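1. Predicted coordinates and the sequence they were generated for:
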Amino acid sequence: MGTIEATLQFLNPEGVLAGKPEYLLEDEKVLEAYRLMVLTRHVDARMVTLQRQGTITFALSSTGEEACAVGAAFGLMPQDWIYPQYREVGALFARGFPLEGFIHNMFCNGLDLNKGRQMPNHFGSKEHNIVTVSSPIATKIPHAAGCAYAMKLQGEDAISLCFFGEGATSEGDFHAGLNFAAVLDAPCLFFCRNNRYAISTPTSSQFRSEGIYPKAAGYGIEGMRIDGNDLFAVYDAVKRARALKKPVLIEAMTYRLGAHSTSDDPSVYRKSEEVEEAKKYDPLLRLNKYLISKGLWNSEKESALLEKVQQEVTEAIEEAKIAPRPEVETMIEDVYFETPPSLKKQLGEVAR
Amino acid sequence: MINMIQALNQALMQRMSRDERVVVFGEDCGFFGGVFRVTSGLQQKFGKERAFDAPLCEQGIVGFAIGMAQKGMKPCCEIQFADYIFPAYDQIVNELAKMRYRTGGQYSSPVVIRTPYGGGIHGGLYHSQSPEAQFLHTPGLRVVVPSGPYEAKGLLITALRGNDPVLFLEPKRIYRSLKEKVPEEEYEIPFGKADIARIGSQVTLVGWGAQHHQNMQAAEECGLDVEVINLRTLSPWDKAAVFRSVEKTGRLLVAHEAPKTGGFGAEIAAAVMEEAFLHLKAPVMRVAGLDTPFPHTLEKEYLPDAPRVVKALQEIVKY
């Protein structure tokens, strides 16, 4: 995968920590991050299987990109807001959102916080300062800028972090969000996961610049390019960006090891050799090697973790399977602050 | 006696004084006070953080406002002309209007978007449009059109105190031409409550915004006993007031500046057919802008002015 020119890397693909991050994760935090990344990868795989079995309608996975979500979430404070794309389930878990809640979200059932209104993987939790995902890929970028500006007006020690893929940077909302944040000096961290594909479209068909990072200069803001498969680099970059309390654009170089979604077949547009090559740079693999080399991890611990994760996910799936559908009455709730009589009348036309 | 610009400015001044969550921005809205001067003096009084110039980017203005509102602020942003709102259409339709719904009630974005709208100022295609119908098909959004200074102030205060996103369409033709007595203190005009501006028995004539004044003139000049209803808000719209009137008069004429096909008049006509069909003595009629882009030189002929409304009123009673 010679095209990745990571500016900032601490943990190399062999699992060796080279260089000295300004902000270094303590061993206990590294272990916690590893567990969350393992959980995320396992959940993703199980959800794809459930979709294939016809149990849920759709699934997206973040396989190969887990270090971005978990590392970035670890670099933030609880009062910071996160605007996820949909490949950041790891950030949701890192914030302490319960696994069961996420599985309900995947089932879009009556216990889903979205009341079953959106497709699976459109998670969010006000309690955890994570803004619910919406399907349009870049619309949230100006929201994150506005949220950060509000934080500044409110005098809070907080920033907003917005995740998006490199494909989203072609949208007008990317330009709008970065330019507004720059002009109004809003403490917004724009975190671009450059995973090389927007569904099937490669970066060569998406932009002619040398990646996303150089665009920061065009907006007059700080920019960083990091190895997005390196937990240590992601954590360090986010911590440093946060400390600036200014708009920052981070381009995290990574690779989408899985399909775009369960509706996609990547074998049509990319060679299996390319995917096999990319697997050498897997963020989980190198973290595993690192932990083993430091004596913090071994195969017994790995088996025990996998078993625990598998069991927890199975239990959550079983619970979600028997959860009720959303009540029909909820269809007309939350359209307006108060449900108007006209909607109650329309609900009367619905068969129940 | 003050005009609509002054009434709107007064509402903003008072809300910003009493609610520090209120922030005003848009193109040229800071130091300059906006091209129509609605926000004039706000930056001087409340500072650059709460009243500022936005970069020229409508989707950015609305998107930025959404994020601020999510974080607990009350943004009142301006789109310089309603004709330029379309770059923000995605933000309005897919994000602003759906925020509470798609997050299961966790997040909301009660932004107020003010925008000058409608024809009659020699503005040609791109400074004259009346795009209300394009937003009325969007659940979650409130759409408001004042017809004078008194309504403008009261409706804007209601919008700024409310919890839903509001598209506030300001008929620019009557920004300065119409003066009214407006209470100095704050007051609200409720959404969904029409004004029965003239009581009559033969025909019900429904309109909003600047068109309402053409309708009033037509009612005076046509020699018939016309009941004139000014809707004030289109989402929600006062169905009960219209049905009640049609039950009495048996005839309905709707007049609006926007093109006839797919205009809000069609929705009103359909609702009356569903709810008051047996009271009708004549088909519901519409007087509207033509199904063409808005012309510059032939603006006067394009707009459904009082003489065109008079003609339609006379036709409907003869049916």
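-> Yep, it's here.
2. which stretches of the stretch 201-319 of chain B have low pLDDT?
-> Residue ranges of the stretch 201-319 of chain B with pLDDT under 70: none are present.
3. Okay, helices next: where are they in it?
-> B:211-221, B:239-249, B:264-276, B:299-302, B:306-318 (DSSP state H, counting those that start in this stretch).
4. can you pull the contacts of the spatially most central residue of chain B?
-> Nearest residue to the geometric centre of chain B (C-alpha atoms, centre = their mean): residue B:145, 1.8 Å. Shown in contact with residue B:145 (C-beta atoms under 8 Å, 6 or more residues apart in numbering or on different chains): B:117, B:132, B:169-171, B:208-209, B:231-234. C-beta here means a position set from N, CA and C on the backbone, and glycine is covered the same way.
5. Can you add distance to residue A:181 and give these back as a markdown table?
-> As requested, the contacts of residue B:145 are exported to a markdown table (distance: C-beta to C-beta, whole Å):
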| residue | distance to residue A:181 |
| --- | --- |
| B:117 | 30 |
| B:132 | 32 |
| B:169 | 29 |
| B:170 | 29 |
| B:171 | 34 |
| B:208 | 38 |
| B:209 | 36 |
| B:231 | 39 |
| B:232 | 37 |
| B:233 | 34 |
| B:234 | 34 |
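6. Quick check, residue A:251 in contact with residue A:226.
-> Yes - between residue A:251 and residue A:226 a contact is recorded at 7.3 Å, counting by C-beta atoms under 8 Å.
7. who's in contact with residue 172?
-> Going with chain A. By C-beta under 8 Å, 6+ apart, residue A:172 lies in contact with A:138, B:57, B:59, B:87.
8. my question was about chain B
-> Listed by C-beta under 8 Å, 6+ apart, the contact set of residue B:172 reads B:36, B:116-118, B:120-121.
9. quick one: secondary structure of the residue of the stretch 151-300 of chain B found nearest chain A?
-> With C-beta to the nearest C-beta as the measure, residue B:163 is the residue of the stretch 151-300 of chain B nearest to chain A, at 3.7 Å. Using DSSP: H, G, I helix; E, B strand; the rest coil, the structure places residue B:163 in coil.
10. Just give the closest residue to it, not the sequence neighbours.
-> Of all residues not flanking residue B:163 in the chain, residue A:337 sits nearest, at 3.7 Å (C-beta to C-beta, 6 or more residues apart in numbering or on different chains).
11. measure stretch A:193-205 end to end?
-> Chord length of stretch A:193-205, first to last residue, is 17 Å (C-alpha to C-alpha, to the nearest Å).
12. Could you tell me how many residues sit around the residue of the stretch 151-300 of chain B closest to chain A?
-> Neighbour count for residue B:163, taken as other C-beta atoms under 10 Å in any protein chain shown: 11.
13. so what's it scoring on pLDDT?
-> On pLDDT, residue B:163 comes in at 98.
14. Kindly report the same for residue A:4.
-> So residue A:4 comes in at 43 (pLDDT).
15. Could you pull up the contacting residues of the most centrally placed residue in chain A?
-> Taking C-alpha atoms, centre = their mean, the centroid of chain A lies closest to residue A:88, which sits 1.6 Å from it. Residue A:88 makes contact with A:62, A:68-69, A:72-73, A:82, A:163 under the criterion C-beta under 8 Å, 6+ apart.
16. Can you flag which of those belong to strands?
-> A:82, A:163 (DSSP state E).
17. Buried ones from the contacts of residue A:88, can you make that a PyMOL selection?
-> Those of the contacts of residue A:88 that count as buried under 16 or more other C-beta atoms under 10 Å in any protein chain shown are selected in PyMOL with:
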select buried, chain A and resi 62+68+69+72+73+82+163
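18. Closest one to chain B out of the contacts of residue A:88, please.
-> Using C-beta to the nearest C-beta, residue A:82 is the member of these that sits closest to chain B, with 12.3 Å.
19. Excluding covalently adjacent residues, which one is nearest to that closest one?
-> Nearest one to residue A:82, counting by C-beta to C-beta, 6+ apart, is residue A:130 at 4.8 Å.
20. what's the neighbour count on the residue nearest to residue B:163?
-> Neighbours of residue A:337 (other C-beta under 10 Å): 14.
21. secondary structure element for it?
-> With secondary structure defined by DSSP states H and E, residue A:337 is part of neither a helix nor a strand.
22. ok, now residue A:286?
-> In the assignment (DSSP H and E), residue A:286 maps to helix A:283-293.
23. And that helix, what's buried?
-> Here helix A:283-293 shows A:283-291 as buried, counting by 16+ other C-beta under 10 Å.
24. and that helix, average pLDDT?
-> 98.
25. and what of stretch A:256-265?
-> For stretch A:256-265, mean pLDDT rounds to 93.
26. what do you get for stretch B:72-92?
-> In this model, stretch B:72-92 has an average pLDDT of 98.
27. How far away from the center of its chain is that stretch?
-> Centre-to-centre, stretch B:72-92 and its host chain are 14 Å apart (C-alpha atoms, centre = their mean, to the nearest Å).
28. how long is it end to end?
-> 18 Å.
29. Just the terminal-to-terminal distance for stretch A:205-223.
-> Terminal residues of stretch A:205-223 lie 23 Å apart, using C-alpha to C-alpha.
30. From the chain's centroid, how far away is it?
-> With C-alpha atoms, centre = their mean as the basis, stretch A:205-223 stands 21 Å off its chain's centre.
31. just to revisit the earlier point, same list (the contacts of residue A:88) but as a markdown table, adding distance to residue B:250 and pLDDT.
-> What follows is these, written out as a markdown table (distance: C-beta to C-beta, whole Å; pLDDT from 0 to 100):
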| residue | distance to residue B:250 | pLDDT |
| --- | --- | --- |
| A:62 | 64 | 96 |
| A:68 | 67 | 98 |
| A:69 | 64 | 98 |
| A:72 | 66 | 98 |
| A:73 | 65 | 98 |
| A:82 | 59 | 98 |
| A:163 | 60 | 98 |
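32. Could you point out which of the contacts of residue A:88 is nearest to residue A:273?
-> Nearest to residue A:273 among the contacts of residue A:88: residue A:62, at 22.6 Å, using C-beta to C-beta.
33. Could you pull up the residues touching the closest one?
-> Residue A:62 sits in contact with A:40, A:44, A:69, A:87-90, where contact means C-beta under 8 Å, 6+ apart.
34. In JSON lines: those, plus secondary structure and distance to residue B:140.
-> Shown next, in JSON lines, are the contacts of residue A:62 (DSSP: H, G, I helix; E, B strand; the rest coil; distance: C-beta to C-beta, whole Å):
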{"residue": "A:40", "secondary structure": "helix", "distance to residue B:140": "33"}
{"residue": "A:44", "secondary structure": "helix", "distance to residue B:140": "32"}
{"residue": "A:69", "secondary structure": "helix", "distance to residue B:140": "30"}
{"residue": "A:87", "secondary structure": "coil", "distance to residue B:140": "27"}
{"residue": "A:88", "secondary structure": "coil", "distance to residue B:140": "26"}
{"residue": "A:89", "secondary structure": "helix", "distance to residue B:140": "27"}
{"residue": "A:90", "secondary structure": "helix", "distance to residue B:140": "31"}
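35. Look at residue A:273 and report its pLDDT.
-> pLDDT for residue A:273: 96.
36. Repeat that for the one 4 residues further on.
-> Looking at residue A:277, its pLDDT reads 96.
37. tally of neighbours for it?
-> Neighbour tally, residue A:277, other C-beta under 10 Å: 13.
38. which non-adjacent residue is nearest residue A:118?
-> Nearest residue to residue A:118, sequence neighbours excluded (C-beta to C-beta, 6+ apart): residue B:102, at 5.6 Å.
39. Let me see the contact set for that neighbour.
-> With C-beta under 8 Å, 6+ apart, residue B:102 has these contacts: A:114, A:117-118, A:122, A:132, A:134.
40. Roughly how far does residue A:156 sit from residue A:91?
-> As judged by C-beta to C-beta, to the nearest Å, residue A:156 and residue A:91 stand 20 Å apart.
41. And these two? Which one has more around it.
-> Set residue A:156 next to residue A:91 and count neighbours by other C-beta under 10 Å: residue A:91 wins out with 29 against 14.
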